[in-house]
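Chemist: Prediction below, plus the sequence it came from.
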Amino acid sequence: MSKDKIKAAIVGATGYGGAELIRLLQAHPHVEVSCVLSSSSSGVPLSASFPHLTNLIELELESIEPANIKAKADVVFLATPAGVSAELTPKLLEQGLKVIDLSGDLRLKDGAVYEKWYKRPPASEDVLAQAVYGLSEIYGESVVGRAAISNPGCFPTATLLGLIPAVKADWIDPATIIIDAKTGVSGAGRGTGLGTHYGEINESVKAYKVNAHQHIPEIEQVLGEAAGAEVVVTFTTHLIPMTRGILSTMYASVNEKRSTQEFIDLYRTFYAGRPFVRIRENGVMPATKEVSGSNYCDIGFSADERTGRVTIVSVIDNMVKGAAGQAIQNLNLMMGWDEAEGLRFVPMYP
Ligand SMILES: NC(=O)C1=CN([C@@H]2O[C@H](COP(=O)(O)OP(=O)(O)OC[C@H]3O[C@@H](n4cnc5c(N)ncnc54)[C@H](OP(=O)(O)O)[C@@H]3O)[C@@H](O)[C@H]2O)C=CC1
Ligand SMILES: CC(=O)N[C@@H](CCC(=O)OP(=O)(O)O)C(=O)O
């Protein structure tokens, strides 16, 4: 093991988020994956779960024991279902480990709101207070030097990066925001179920969790902070027969007449110097394929004088900017490294 690298443990290494963390960290100059953990398959080589990692990472899955993790790692990524990190994070923090949680457990500041939308008990107030919400382009400075980071949800990442500059500038009326989002199937994780079965989703598109999606309170929490007042949104998710990608289409009424070019200029100024947000030229809307495999979030605009509304379209790869890539971006910020370290992937095209 190289002495100048920090050691990372991945909990949930048999899932999609875990596998994507391992893939991306292979290219990171300052991080080495030192242990991979599983609640169900300890003692089994990682390559048995993921043959695409054969000869690349020769680790066996281990059971999840905080003291054992402390002996082997400096930072822990939790790529586990809701409910796990609420329990595990305090134990890892007690060991002096740094924690980056990819689940929704630590994102909502109010435990009662979490309980309402996730339908399970929340993390303790103490843990929620310690965790900082890592939407890197917005809260990057708060992440520096922190021990616990809550990685944003995939839909909130695409949606919030698309809305925050216009809300902060008071160019759109938050009360009129409607979000129509589409996702690939990998967003549901590796577990199989009728909802993601090939025969059910192929050549079909469906809306799901309408007005009940667990990302609604996360989007409202952050937009409320940007607006300085409570915000409620209409947010509908759709499942699309593709593997990776999220496309979020956002509509809102503009407060004063603004052209598409004015929106483009506002966003280019807002995200100046941030390597992973790319603003499209006037008249060009982004596609999920144009960010696939990369940590980019691409955003396009169309201001409609006729209706007085603006349409904003934002795309990400849900597994990268929506999960593992942003988690690594947050590690970079936490450690004081360049935020793009290990993440300078060109999208795969076509
Ligand atoms: N997929 C995506 O696009 C995104 C996912 N997320 C979030 O990231 C997290 C991981 O998602 P994803 O990788 O897709 O999900 P997967 O279902 O693919 O993987 C989850 C992993 O968690 C492990 N696990 C299950 N139960 C437990 C438990 N009780 N204790 C410890 N580990 C457990 C499982 O491994 P094992 O049985 O071996 O322990 C499983 O491999 C989730 O919270 C998800 O909501 C966030 C953004 C985007
Ligand atoms: C296709 C699909 O089912 N996608 C998931 C993505 C959410 C997710 O990954 O969960 P958290 O961000 O809440 O942790 C969903 O819509 O619930």
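Modeler: Good, I have the coordinates. Numbers count the residues shown, from 1 in each chain. Ligands and ions are numbered 1, 2, ... in the order given.

Chemist: Taking the stretch 1-150 of the chain, what residue is nearest to ligand 1?
Modeler: Distances between the stretch 1-150 of the chain and ligand 1 by CB to the nearest ligand atom are smallest at residue 15, namely 1.9 Å. Placement of C-beta: from N, CA and C, glycine included.

Chemist: That residue: neighbour count?
Modeler: For residue 15, the count of nearby residues is 21 (other CB atoms under 10 Å).

Chemist: Would you check that it makes contact with residue 190?
Modeler: Yes: shown here, residue 15 and residue 190 form a contact pair, counting by CB atoms under 8 Å, at 5.2 Å.

Chemist: hang on, the earlier thing: for the residue of the stretch 1-150 of the chain closest to ligand 1, what are its contacts?
Modeler: Going by CB atoms under 8 Å, 6 or more residues apart in numbering, residue 15 touches 79-80, 189-190.

Chemist: now do residue 253
Modeler: By CB under 8 Å, 6+ apart, residue 253 lies in contact with 172-173, 176, 308-309.

Chemist: Give me the mean pLDDT for the helix or strand encompassing it.
Modeler: In the assignment (DSSP states H and E), residue 253 maps to strand 246-253. Computed over strand 246-253, the mean pLDDT rounds to 98.

Chemist: Run me through the strand neighbours of it, direction for each.
Modeler: The strands that strand 246-253 pairs with in its sheet are strand 178-183 (antiparallel), strand 309-316 (antiparallel) (by DSSP bridges).

Chemist: what would these look like in JSON lines with mean neighbour count and mean pLDDT?
Modeler: Shown next, in JSON lines, are those (neighbours: other CB atoms under 10 Å; pLDDT from 0 to 100):
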{"stretch": "strand 178-183", "mean neighbour count": "20", "mean pLDDT": "98"}
{"stretch": "strand 309-316", "mean neighbour count": "24", "mean pLDDT": "98"}
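
Chemist: Reformat those strands into a markdown table and put distance to ligand 1 next to each item.
Modeler: Formatted as a markdown table, the strands paired with strand 246-253 follow (distance: least, CB to the nearest ligand atom, whole Å):
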| stretch | distance to ligand 1 |
| --- | --- |
| strand 178-183 | 8 |
| strand 309-316 | 10 |
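
Chemist: Include distance to residue 28 when you put those into TSV, please.
Modeler: Output for those, formatted as TSV (distance: least, CB to CB, whole Å):
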stretch	distance to residue 28
strand 178-183	26
strand 309-316	20
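
Chemist: Tell me which two in the contacts of residue 15 are the farthest apart.
Modeler: Farthest apart among the contacts of residue 15 by CB to CB are 80 and 190. That separation is 12.2 Å.

Chemist: Same drill for those two, tell me which one is more crowded.
Modeler: Between residue 80 and residue 190, counting by other CB under 10 Å, residue 80 is the more crowded of the two (24 against 15).

Chemist: does residue 17 count as helix, strand or coil?
Modeler: On the three-state scheme (DSSP: H, G, I helix; E, B strand; the rest coil), residue 17 is labelled helix.

Chemist: Apart from its neighbours in sequence, what residue is nearest it?
Modeler: In space, and not counting its chain neighbours, residue 17 is closest to residue 79: 3.5 Å by CB to CB, 6 or more residues apart in numbering.

Chemist: I'd assumed residue 8 was in contact with the one you found.
Modeler: No: if you go by CB under 8 Å, residue 79 and residue 8 don't touch, sitting 11.5 Å apart.
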